[in-house]
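In: With the sequence up front, the predicted model follows.
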Amino acid sequence: MDQPDTFQHRIWQIVAAIPYGRVATYGDVALLAGSPRAARQVGGVLSRLPADTTLPWHRVVNRHGTLSLQGERLLCQRDALASEGIEISDDGQLDLASWRWQF
DNA sequence: TGAATGACAAATT
DNA sequence: TAATTTGCCATTC
């Protein structure tokens, strides 16, 4: 099983701290995790999340304010964000200047 | 143990 | 200005 102090576990803690109705970038999460260059690992961790997780992974977007996912996962994230009051453009892009989590 | 992978980001062409 | 390539870092095979 996973160690209690792994990067993965730290990512979970940070993503869980994202306030409702806000979004954070992979780079921000990586920065808070202690590795500003580990943005890829953030995505890697979220990609391995269990289906029954309570983690608000849908609040994590790339630095362009777009969703890097594809297919059904992308639709699920867009729907989840819309449910929180976050408006997304037709191109799947949201206004980071307005929705980005300021910490 | 080593090589490959990946839900990003920045630099370069 | 836009598109492409390289670099990063932890996890996985």
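Out: Yes, it's here. The model shown is predicted, which means the values in this text are computed figures rather than measured ones. Residues are numbered from 1 along each chain as shown, chains lettered A, B, ... in the order given.
In: For A:Thr6, grab the count of nearby residues.
Out: A:Thr6 has 11 neighbours, counted by other C-beta atoms under 10 Å. All C-beta spots, glycine's among them, are computed from the backbone N, C-alpha and C.
In: any idea how far it lies from DNA strand C?
Out: Applying C-beta to the nearest atom of the strand, to the nearest Å, the value for A:Thr6 to DNA strand C is 4 Å.
In: so A:Ala24 touches A:Gln102, yeah?
Out: No: in this structure, A:Ala24 is not within contact of A:Gln102 by C-beta atoms under 8 Å, at 9.6 Å.
In: More neighbours: the two, which one.
Out: Counted by other C-beta under 10 Å, A:Ala24 and A:Gln102 do not tie: A:Ala24 has more neighbours, with 25 against 7.
In: what residues are up against that one?
Out: With contact set as C-beta atoms under 8 Å, 6 or more residues apart in numbering, A:Ala24 has these partners: A:Val15, A:Ile18, A:Arg59, A:Val60, A:Val61, A:Arg100, A:Trp101.
In: which bits of chain A sit near DNA strand C?
Out: Neighbours of DNA strand C within chain A, by C-beta under 7 Å from any atom of the strand: A:Thr6, A:Phe7, A:Gln8, A:Ser35, A:Arg37, A:Ala38, A:Ala39, A:Arg40, A:Gln41, A:Gly44, A:Val45, A:Arg48.
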